[in-house]
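1. Fold the following for me, if possible:
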Amino acid sequence: MNDALRLTEELIACPSVTPADGGTLAILAERLQGAGFTCERLDAGPPERPEARVGNLFAVHAGPRPGPTVVLLGHVDVVPPGPLAAWRSDPFVPTHRDGRLYGRGAADMKTAVAAMTVAAMQFVAEAPQHAGRVALLFTSDEEGPSLHGVRHVVEVFAARGEKLDACIVGEPTSVEQLGDMIKNGRRGTLSGRLLVKGLQGHVAYPQLARNPVHEFAPALAELAATRWDDGNEHFPPTTWQVSNIAAGTGALNVIPGTLTCEFNFRYSTESTTESLKQRVEAILARHEVEHEITWTHGGEAFLTRPGTLSEALTAAIAAECGGLVPALSTTGGTSDGRFIARLCPQVVEFGVVNASIHQVDEWVEVASVAPLTAIYRRTLASLLAP
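-> Reported below is the predicted structural model:
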């Protein structure tokens, strides 16, 4: 069993449901300090609520020669496992079956965290005179509200003038096999909670009421049919989706007084948060919908055009995966890449196959752990010890 696989098992055994790190960061810090890394905790969160505190670990190994700072970024927190009875084995007991390792976080993303850690330690052992800095940043607030994790660390880094040059986020980006996809950007995310105001009344006397469902329906149809942009060579078109909608008291003979609609944009670089807000407001105004909207901005769209980082990672994948050339993509949800991209000019994401993420019986192919570790190590060598 290789070192990265053993470490993956140790991390899975830690019940690190967000925002808890479950002891994972202490395990990682001990390993990294033993390999000569300087470790710093940048924990954050409300001090009056220790259960909501977020763990952040920043580990650095500086070489004797000038060069770039390359960051390996990951999260140790996981989503709740759901009903334990639905799992074939305990989600926090790493279990092997048919060439797969099962456990919550196996794919998203404790395998990548373990592989990054071992790869970094192997690299500095093999190239102690490397240029620049190898850095690892691990958080326990990616699966939660993402307020006190990488978002917080980026603010700390900005305040003290920390310079980052390239970052690999260990998100599970592969689709069919390890190495077939790299994410070189992500769409932005903008959510809204719409309150439509009507006037409650008796269904038999609609002339004495104003039904918010009826008044919102034409605007909803236009919102759903709107083409917000056409995307571009790197991003698919912006999408708008309703996630929740509710109205009524539960009684069959009462016209509701209000309607709430929660929706989300996943937007390309062809749109901005302000342009999307303005277009929604214009549609509601055109249909004379009396309303209030509360907006929540989850993150800007970001893009890393092909360059030294993606080229080094692509070459490493080809070397370890039989010549496979990964596709560059910006599809999928959000990640901590949206925060680190504020400081780091090159950010890409790469990790294991994502087929089982957030599912019952989450798994990772055991055979992918060693090549994933080697890919990260090769990429570090290409950038810091050419």
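2. Now do the strands in the stretch 101-250 of the chain.
-> 131-139, 166-169, 181-183, 185-186, 188-197, 201-202, 239-247 (DSSP state E, counting those that start in this stretch).
3. now the ones you listed as CSV including distance to residue 120, mean neighbour count and mean pLDDT?
-> No exception for glycine: its C-beta is placed from N, CA and C like everyone else's. CSV is the format used below for those (distance: least, C-beta to C-beta, whole Å; neighbours: other C-beta atoms under 10 Å; pLDDT from 0 to 100):
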stretch, distance to residue 120, mean neighbour count, mean pLDDT
strand 131-139, 5, 24, 98
strand 166-169, 11, 28, 98
strand 181-183, 19, 23, 98
strand 185-186, 24, 25, 94
strand 188-197, 30, 19, 97
strand 201-202, 66, 14, 98
strand 239-247, 37, 13, 98
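4. and of the ones you listed, who's closest to residue 314?
-> With C-beta to C-beta as the criterion, residue 314 lies closest to strand 181-183 of those, at 7.1 Å.
5. chain center to that closest one, what's the gap?
-> Distance, stretch centre to chain centre, for strand 181-183: 13 Å (C-alpha atoms, centre = their mean, to the nearest Å).
6. Against which helices or strands is it packed?
-> helix 308-320, strand 327-329, strand 346-349 (3 or more C-beta pairs under 8 Å, 6 or more residues apart in numbering; DSSP states H and E).
7. Return the list of helices and strands in contact with the first one.
-> Taking 3+ C-beta pairs under 8 Å, 6+ apart as contact, the helices and strands that helix 308-320 lies on are strand 166-169, strand 181-183, strand 346-349, helix 369-384.
8. which one of those lies closest to residue 322?
-> helix 369-384 (9.6 Å).
9. any idea whether the residue positioned nearest the centre of the chain is helix, strand or coil?
-> Residue closest to the average C-alpha location in the chain (C-alpha atoms, centre = their mean): residue 335, at 2.0 Å. Here residue 335 is recorded as coil under DSSP: H, G, I helix; E, B strand; the rest coil.
10. OK, contacts around it?
-> 142, 169, 171, 183, 186, 349 (C-beta atoms under 8 Å, 6 or more residues apart in numbering).
11. Looking at those residues, which is nearest residue 367?
-> residue 171 (19.9 Å).
12. My guess is that closest one contacts residue 111. True?
-> No. If you go by C-beta atoms under 8 Å, residue 171 and residue 111 don't touch, sitting 11.3 Å apart.
13. For those two, list the residues in contact with both.
-> residue 351.
14. out of these two, which sits in the more crowded spot?
-> residue 111 (33 against 29; other C-beta atoms under 10 Å).
15. In contact with the more buried one, which residues?
-> Here residue 111 is in contact with 4, 8, 101, 351-352, 364, 368-369, 372 (C-beta under 8 Å, 6+ apart).
16. Compute the number of surrounding residues for the residue lying closest to residue 370 once chain neighbours are set aside.
-> Closest residue to residue 370 apart from its sequence neighbours, by C-beta to C-beta, 6 or more residues apart in numbering: residue 2 at 5.1 Å. If you count neighbours by other C-beta under 10 Å, residue 2 ends up with 15.
17. which residues does residue 2 contact?
-> Contacts of residue 2 (C-beta under 8 Å, 6+ apart): 118, 369-370, 373.
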